[in-house]
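1. The following block contains a protein sequence and its predicted model.
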Amino acid sequence: MLVNIIYGIIVLIATTIGSIAGIGGGVIIKPAFDTLGIHNPTTISFYSSIAVFTMALISILKLLKTGVVLKKEIILPISFGSIIGGILGERLFNYILKNLKNINDIKVIQSSLLLFSLFLILFYTLNKHKIKTFNLKNKFWIFFIGMCLGCISIFLGIGGGPLNIALMTIFFSYEAKEAAVYSIATIFFSQCSKLIDISLKGNFLEFDLLPLPFICIFAIIGGFIGTNLNRKFDSKKIEKIYIITIFCLSSLCVVNILS
């Protein structure tokens, strides 16, 4: 029970901060669970996927209520690409896991790649006014970007919020809010493909399912709290929270690499 409560509190904090800063909760949940080291990397990745999927589902339902119109020429190929990418990411994760002598080495690989991604995201954030953007319309490249984002999202177990938004801003010249909408779609479909894959293989029973109600409930609560706070804070406060969060996550990654 204590473990379930601890996981619930982490998910609550992660989803609240993630919603305020606009980076989602998965990128915080995964390294935080890794640092605790209560479960193995496969189980942690599963829990993170459940939390991220829950947040994405709630966000999509909210968007549908507000009547947001998505561009079919973008949403269809990028969503299909994220499904394929999600399957590839899960296959890659399992392949590397099977070929490692020490199961905890996957945590080092994931943390190292996440740390590198965080540095790129921070660099982009601080220099975005200098970076050239594009307006991709070719369906193959839109599909390819969705596939890459889906693969990274599932392999690292992070959802991919900040990375998705950064790349969509660069390749589609979107503003942050518009990029966030398409980011949620890629997150939803990539996580959905992973969970369906696990279901079809009958692997759900391999995991301890007791923490799931705590993870799902606190993910929803944190998302609502964070969204409300996001509306109250001005842009400068949100940017400070965003940068501080990136630095804290980078520190967690270093701890996970060295531990």
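-> Alright, I've got the coordinates. Residues are numbered from 1 along each chain as shown.
2. contact partners of stretch 165-183?
-> Under the contact criterion CB atoms under 8 Å, 6 or more residues apart in numbering, stretch 165-183 has outside partners 22-24, 63, 68, 70, 74-75, 78, 120-121, 124-125, 128, 131, 133-136, 141, 145, 149, 160-161, 164. C-betas here are computed from N, CA, C, even on glycine.
3. Tell me which of those fall in helices.
-> Within these, residues falling in helices by DSSP state H are 63, 74-75, 78, 120-121, 124-125, 141, 145, 149, 161, 164.
4. Next, count neighbours for residue 110.
-> 25 (other CB atoms under 10 Å).
5. pLDDT wise, what is the closest residue to residue 15 other than its chain neighbours at?
-> Residue nearest to residue 15 in three dimensions, not counting chain neighbours: residue 222, with 2.9 Å by CB to CB, 6 or more residues apart in numbering. Residue 222 is assigned a predicted lDDT (pLDDT) of 84.
6. For ChimeraX, what selects the buried ones among the contacts of stretch 165-183?
-> Filtering the contacts of stretch 165-183 down to the buried ones (16 or more other CB atoms under 10 Å) takes a single ChimeraX command:
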select :22,23,24,63,74,75,78,121,124,136,145,149,160,161,164
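7. Next one: the nearest residue to residue 233 once chain neighbours are set aside relative to residue 69, how far apart?
-> With sequence-adjacent residues excluded and distances taken as CB to CB, 6+ apart, residue 233 is closest to residue 20, at 6.8 Å. Going from residue 20 to residue 69 by CB to CB, to the nearest Å gives 26 Å.
8. Neighbour count: these two, which is higher?
-> residue 20 (23 against 8).
9. now the more buried one, what's its secondary structure?
-> Under the three-state scheme (DSSP: H, G, I helix; E, B strand; the rest coil), residue 20 adopts helix.
10. Quick check: phi and psi at residue 207.
-> Taking degrees, to the nearest 10, you get phi -100, psi 150 for the backbone angles of residue 207.
11. Quick test: name the residue nearest the centre of the protein.
-> When CA atoms, centre = their mean is applied to the chain, the residue found nearest the centroid is residue 159 (1.5 Å).
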